[in-house]
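>>> Here is the input, now give the coordinates:
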Amino acid sequence: MSGGNGAGRHAVAVTVNGTEHAREIDPRTLLVHFIREELGLTGTHIGCDTSHCGACTVLLDGTPVKSCTVFAVQADGHEIRTVEGLADGNELHPIQEGFWEKHGLQCGYCTPGMMLTATELLRRNPDPTEAEIRFAISGNLCRCTGYNKIVEAVQYAAAKLRESSDTADASDQETREMTA
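Model prediction:
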């Protein structure tokens, strides 16, 4: 956690959800505490503090990381995406919509980490199998759902993202044909 009288503090500049932030912090500040306490983004949850639960998962340059195991100074100059950065204004991201529509959450504590892990999976693999989804989220623990509804939520999001990609591809093709 941040503290001290300024001695030994380090400047950190990161881009979080598209917004640049610069702070002077204690070099021992964990990324999860930086995000929650310095930036006020409390969607990133603190769970086990040992990297076992995945509740603190964020995307660091697009890669899921457990922010309780990363020092904020290690993120200096990098891009971070938190659960708050998934939605586009009032429009839910397909993974958020999937969790809503398929009841992929109960208490919600694991949900931000699950969503970010699944978002990266779907970026890499737009049509994952159930086994691939289960493997991808295996580092994120949920004590409430039994995972079936989470898997269904990811499948829902995958289908929605493929559908929107197909629509965009068709629109691009139509535009090319009209200008040819």
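
>>> So residue 101 sits against residue 155, correct?
No: the pair formed by residue 101 and residue 155 falls short of the contact definition of CB atoms under 8 Å, at 10.9 Å. Placement of C-beta: from N, CA and C, glycine included.

>>> of the two, who's got more company?
Neighbours around residue 101 and residue 155, counted as other CB atoms under 10 Å, are more numerous at residue 155. The numbers are 19 against 15.

>>> Name the residue closest to the centre of this protein, please.
Nearest residue to the geometric centre of the chain (CA atoms, centre = their mean): residue 116, 2.7 Å.

>>> check contacts around it.
57, 58, 59, 64, 81, 82, 83, 86 (CB atoms under 8 Å, 6 or more residues apart in numbering).

>>> tell me the SS of the second one?
Following DSSP: H, G, I helix; E, B strand; the rest coil, we place residue 58 in the strand state.

>>> can you start the count at 494 instead of 1 from here on
In the new numbering, first residue 494, that becomes residue 551.

>>> Name whatever forms a beta bridge with it.
Beta-bridge pairing of residue 551 under DSSP bridges involves residue 558.

>>> count of neighbours near it?
The tally of other residues near residue 551 (other CB under 10 Å) stands at 28.

>>> Hmm, it is touching residue 558, no?
Yes: checked against CB under 8 Å, the pair residue 551 and residue 558 is within contact range at 6.3 Å.

>>> where does this structure have low pLDDT?
Screening the chain residue by residue with the criterion pLDDT under 70, one finds the ranges 494-500, 661-673.

>>> Can you list the residue ranges for strands in it?
503-509, 512-518, 550-553, 556-559, 572-574 (DSSP state E).

>>> Point out the most buried one among those strands.
Taking mean count of other CB atoms under 10 Å as the contact definition, the stretch among these with the greatest mean neighbour count is strand 550-553, which reaches a mean of 24.

>>> So which other helices or strands are in contact with that one?
Packing contacts for strand 550-553, counted by 3 or more CB pairs under 8 Å, 6 or more residues apart in numbering; DSSP states H and E, involve strand 556-559, strand 572-574, helix 604-617.
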